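In: Structure for the following, please:
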Amino acid sequence: MTKASQKVAIVYGFNEGPHMGKRLIRALEAGGFEMVADPAQADIIIAHSGGCYILTAEHAAKRIICVGLPYWPGHSTFVALCRKIWRDALMHHREGEFKYWLHKSMWNMRYFWHMRANWQMVQGRLNGTLWKLPDVTVVRYSQDPFCTPNLAELPFEAPVVLVELSGHHDDCWRTPQQILHVVQS
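Out: Numbers count the residues shown, from 1 in each chain. From the prediction side, this is the model:
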């Protein structure tokens, strides 16, 4: 199977859903990848943020790309969330994309009510299944307040590929070309 004919599924994080991924989906499709909704049917799974913790042992045979993995021992998730929202607003305003940020934030509020997915993330974080999965690539953005900059402290049991990119926690949605390059590699 050629890379261009591979199936890709996106697993969204806390307060996220398909509307967030429109730009990434278009980039992946333009790159020749086929998008599927069910991660069990995918060859490659892109999990963002808390969505990384939804992955289970059934996904072990897949190539997994964890983007913005929320893991930073000793740091408050609530403080990180406040920092992320503040930095996002400033960055989007500075880059002339404040309207995009408001639109994205509106969708974040709508997706908040997906309590089943939110609960799966909490359970997955507690049971630690993610740390046992093989063939994982972890992508950390340089300005991500959720992911430790010391990627060596991530408690994976198998070796992982670590990729550091410039940008912010949600840049996979805003500027998906970097993630497309990771998927293609």
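In: can we go C-alpha only for contacts and neighbour counts from here?
Out: Will do.
In: What spatial separation is found between the residue nearest to the spatial centre of the chain and Ser142?
Out: Nearest residue to the geometric centre of the chain (C-alpha atoms, centre = their mean): His48, 1.4 Å. Distance, His48 to Ser142, using C-alpha to C-alpha, to the nearest Å: 15 Å.
In: And Met109, by the same measure?
Out: Computed with C-alpha to C-alpha, the distance linking Met109 and Ser142 is 25 Å.
In: neighbour count winner among those two?
Out: It is Ser142, of Met109 and Ser142, that has more neighbours when counted by other C-alpha atoms under 10 Å, with 16 against 11.
In: out of everything not next to it in sequence, what's closest to the more buried one?
Out: With C-alpha to C-alpha, 6 or more residues apart in numbering as the criterion, Ser142 has its nearest non-adjacent residue at 5.0 Å, and that residue is Ser166.
In: That neighbour and Tyr141 touch, don't they?
Out: Yes. With contact defined as C-alpha atoms under 8 Å, Ser166 and Tyr141 form a contacting pair (5.4 Å).
In: between those two, who's got more neighbours?
Out: More neighbours surround Tyr141 than the other of Ser166 and Tyr141, with 23 against 12 (other C-alpha under 10 Å).
In: what sits against the more buried one?
Out: Tyr141 is in contact with 68, 164-169, counting by C-alpha atoms under 8 Å, 6 or more residues apart in numbering.
In: And the closest residue to His59 other than its chain neighbours, how far from Val163?
Out: Once flanking residues are discounted, His59 sits nearest to Ala40: 6.6 Å by C-alpha to C-alpha, 6+ apart. For Ala40, the distance to Val163 equals 24 Å [C-alpha to C-alpha].
In: Same question for Pro39.
Out: Remark: distance between Pro39 and Val163 (C-alpha to C-alpha) = 22 Å.
In: The two: who's more crowded?
Out: A count of neighbours by other C-alpha under 10 Å puts Pro39 above the other of Pro39 and Val163, at 21 against 14.
In: Quick check: that one touching Ile45?
Out: Yes. In this structure, Pro39 is within contact of Ile45 by C-alpha under 8 Å, at 6.3 Å.
In: What distance separates the opening and closing residues of stretch 33-47?
Out: Stretch 33-47 has an end-to-end distance of 16 Å (criterion: C-alpha to C-alpha).
In: let me redo that: stretch 146-155
Out: 15 Å.
In: let's number from 39 now, not from 1
Out: Happy to do that; since the first residue is 39 now, the last one works out to stretch 184-193.
In: Show me the contact partners of that stretch.
Out: 106-111, 115, 118-119, 169, 178, 180, 200, 207.
In: got any ranges where this protein has weak pLDDT?
Out: Scanning the chain for pLDDT under 70 picks out 39-42.
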